[in-house]
Structure formats: C-alpha cells, structure tokens
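> sequence unknown, structure follows:
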C-alpha cells in the first residue's frame, strides 16, 4: 500500500499566499487575485515518503510538480536494469520537465527523503499562464535553469580528475542553495555517496577518497552528510577553471 497521503489544504503554510517558496514559483508584482488563481491550480498537495516514486519512466505527463520540502533524484535505467542518477531536485525546484517534448517521462523521480509536493495540472497551467502576466516568463526562466543544470552535468562528466568532479558538484549545489534563499556555504547533502558516485560517473570508493582528500587539504569540512565549504573561492575557481591545483 502506498504511503503517499494527501495533505489538507487548510494546513499551515500550505497555500501560495503563505508559502515560503512563493517568490520562486510566482513572478514579482502578481496581484493577490492572480496569486489565488495560481493557488487554485494546485489540485493536490501530498507527502511523498523516502524512497517512493513521484513518477516513473514512460508514464504519460499530466502535471508538473514543485517540491515544497525534501529532495528528489531522477534516475534512468538501461536494458540490463543498471541505473544512473541524472539529476537532483531540491525544495523549491520544478520536477517533470523531462516530459515536455514527448509527453512521457524519460526517467524515474525518487524521493531522497520525506518530501511535500504540489501537483499542478498541465492543461490548467497553460490556460492560467496565458492570462497571468509574467507567469509564462517565469516558466521559461525555470525551464532555462533546468537546461543549465543539464549543461553543468555534462561539464562535470567531462572533468578528468575525480576531485574536480566533486568540487564542481559541490559548487553547483552551493549555488542552487543560494538561489533558493538557503545557506550555500554549509548544507546537508540529501543524497547518499552512492547517488553522488552514480551522478558523477565514479565509483563510491573514489567519491569517499575525494571527500577525504579535500577535507585533509582544508578545502571542505565534512561530518556525515553535512558539508561546509571552507575555501569557497578555491572551490569556485576549481569549478570554473577545471582544476583544483594552483
């Protein structure tokens, strides 16, 4: 039996007006009346348990999702059943864009931790976006950001050194936390080392050694899944220049 449950709409902070993510989802300057219209788009707000699928590959696209709390990974599988993590999605980010071209999802989305999501029916979103100034531009901005993350992943996979891949991953994650209004200097990784290894095209032992080396060199501090960027400028330089070494 699924552990997914519908969250009551009357619950605290579960309307767009009170949502801490409002500025991420709704363009600046939108009237309260239009905010209420956007709020009515959300037909369901629900809890997704850790390890539960939000959607599966090949499923027909009927809605988009916004993660209010928690995080997700997107995963593809080959004919042999081998899986690869192709993306991570944090609270405040949109999920389901992979199906925009074909109307069918190209990957699985799995909750990395207990999460809350808003479901937005696609057809109704199109109708409201055509009438609410700025909402279409907001959607295009979100889509562009998603394409940018895909580009970052390709760049990460092109790095030869494992330490550089991990630094680029941490830098990208840091910038995303900043964009979401959270601390981008110190954060808890919602994903496991295995997930990071799959995403970065490495084996878990290599990922663990890279974290250890970077900590020993005083570039980052690691305690469990909590990471603090100590030499933030050096992390950024390695991300942009493609090498950790001076």
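Great, that's in hand. Computed from a predicted structure; not experimentally measured.
> would you confirm that residue 86 contacts residue 201?
No - using CB atoms under 8 Å, residue 86 makes no contact with residue 201, being 10.9 Å away. Using the backbone N, CA and C atoms, a C-beta is placed for each residue, glycine as well.
> what comes up buried for the helix ranked longest in the chain?
As assigned by DSSP state H, the longest helix anywhere in the chain is helix 135-157. The neighbour-count check on helix 135-157 (16 or more other CB atoms under 10 Å) flags 135, 138, 139, 142, 146, 152, 153, 156 as buried.
> which one among those gets closest to residue 78?
Each of these was checked against residue 78 using CB to CB; the closest is residue 153, at 17.5 Å.
> residues contacting the closest one?
Listed by CB atoms under 8 Å, 6 or more residues apart in numbering, the contact partners of residue 153 are 86, 87, 199.
> burial of the last one, as a residue count?
Counted with other CB atoms under 10 Å, residues neighbouring residue 199 total 23.
> do the first one as well
Neighbourhood size, residue 86 [other CB under 10 Å]: 17.
> per-residue pLDDT, it?
On pLDDT, residue 86 comes in at 94.
> helix or strand for it, which one?
strand 83-89 (DSSP states H and E).
> strand partners of the helix or strand just after that strand, parallel vs antiparallel please.
Per DSSP H and E, the first helix or strand lying C-terminal to strand 83-89 is strand 94-95. Looking at strand 94-95 with DSSP bridges, its partner strands are strand 63-69 (antiparallel).
> elements contacting the helix or strand following the partner strand?
Next in sequence after strand 63-69, counting helices and strands by DSSP H and E, comes strand 72-77. Strand 72-77 sits against strand 83-89, strand 108-111, with contacts defined as 3 or more CB pairs under 8 Å, 6 or more residues apart in numbering; DSSP states H and E.
> which one of the ones you listed is the most hemmed in?
strand 108-111 (a mean of 22; mean count of other CB atoms under 10 Å).
> what sits up against the very next helix or strand once past it?
Downstream of strand 108-111, the next assigned helix or strand under DSSP H and E is strand 115-121. Strand 115-121 is touched from outside by 7, 41-48, 54, 62-72, 91, 95, with contacts defined as CB under 8 Å, 6+ apart.
> try 7 Å
Outside strand 115-121, the residues within contact range by CB atoms under 7 Å, 6 or more residues apart in numbering are 7, 41-48, 54, 62-72.
> over to stretch 81-91?
For stretch 81-91, contacts defined as CB under 7 Å, 6+ apart pick out 67-77, 95, 107, 149, 176, 180, 191, 195, 198-199.
> mind checking how far it is from the chain centre?
Relative to its chain's centre, stretch 81-91 lies at 10 Å (CA atoms, centre = their mean, to the nearest Å).
> equivalent analysis for stretch 170-178, please.
The mean C-alpha position of stretch 170-178 is separated from the chain mean by 11 Å, CA atoms, centre = their mean.
> what's the mean pLDDT across that stretch?
Taken as a whole, stretch 170-178 carries a mean pLDDT of 90.
> spatially central residue in the protein, please.
For the chain, the residue sitting closest to the mean C-alpha position, by CA atoms, centre = their mean, is residue 89 at 1.4 Å.
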